[in-house]
Structures are given as C-alpha cells and as structure tokens.
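**Q** Take a look and give me a structure for this.
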Amino acid sequence: MVAVGLLAGCSAGRLRWGLPVSFVMAMVVGAMIGAGGVDVPFIEIGIALSLVAFGTALVWKQTFRAPVLVGLTAGFALFHGHAHGAEMGADLSAASYGIGFVMSTALLHAFGVLISTRMVQSGQQLSLVRWGGSAIAAVGAVSLGFLLVIPS
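**A** Numbering: from 1, shown residues only. A predicted model of the protein is given here:
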C-alpha cells in the first residue's frame, strides 16, 4: 500500500491521486468478489507479484507510462481486495469491515504520497525511492519464492 503511495507521490497531475483511487476502487471490487465466495486461484502469488511489480516500478519509474501504472495498480488491487473479502468472517459487519480496510489502505497510500512528496521537496527522491523500491521488490521476490517452494 505504501508503494502505491510512493509511486503516486512521484507522479504528477492526475496520477498523483489517480493511482490510489484506482487501487481502492479495484480493491473494493475484489473484496466483493472474495466475500461473494468466488474462488480465484493464485491470490497469494498475485499479492507477492504486486510487491515485485510495484517495487520495480519505483526503481524504473521513468520507463512506465500512466496507463501501465494504472493498469498494474488496479489489476493487483483485485488480488488484495479478494484476500480481504475472502477472509472476512461471517460474524463481522461487511460495512464496518469494508470501511476499516478501505480507510487503512487510503491512509497507507497517503503516507506514501507524503513521504515521496517530502523527498521531492528535499531533493532526495530518486535515490531513496529507488532504494525503497528495491527493498519492496526483494520482499515480494522472497515471498514469491516461499509460495512457490512451499505451496499451501
């Protein structure tokens, strides 16, 4: 979630808020699919791949166009949302649960945008964002390795 905020903070114009908004909207759709009991294969792998993709996008930001970033963001948000929806217990209020994970996600996005924006203002953005992107991609790669080696 922070990676999406960092990407958005590095972006200009509509993309600054378009990435987080597209993520949250697609995540809600994914949550409804998951809560509805629709089984989607490879959810955990999709989430791990999202870390690799978002981390890589932070490292190589200048090579990705806006439609690619929005597509990646919305596509991977479906996996994240499905996981939230599928994990919702029957004894929870769907509205309260949904508001909680949407607000948490939005706050993490805002945190990423704030950090990235502050780095731009201080002139440190490129190196710190690339370092952060490398760390995020590495965590995703390790997670993906565990998922592929030790299937559930």
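
**Q** low pLDDT regions in this protein?
**A** The chain contains residues with pLDDT under 70 at 62-63, 91-92, 120-126, 151-152.

**Q** at 90 what do you get?
**A** The chain contains residues with pLDDT under 90 at 6-17, 37, 57-69, 72, 87-98, 114-132, 147-152.

**Q** can you give me the helices for it?
**A** Along the chain, counting by DSSP state H, helices occupy 2-10, 15-35, 43-59, 66-87, 94-122, 125-149.

**Q** Name the residues of the longest one that are buried.
**A** Within helix 94-122, the residues that qualify as buried are 97-98, 101-102, 105-106, 108-110, 112-113, 115-117, 119, counting by 16 or more other CB atoms under 10 Å. Yep, even glycine has a C-beta here, placed from its N, CA and C like the rest.

**Q** which one of the helices of the chain is the most hemmed in?
**A** Of all the helices of the chain, helix 2-10 has the most neighbours on average by mean count of other CB atoms under 10 Å, namely a mean of 26.
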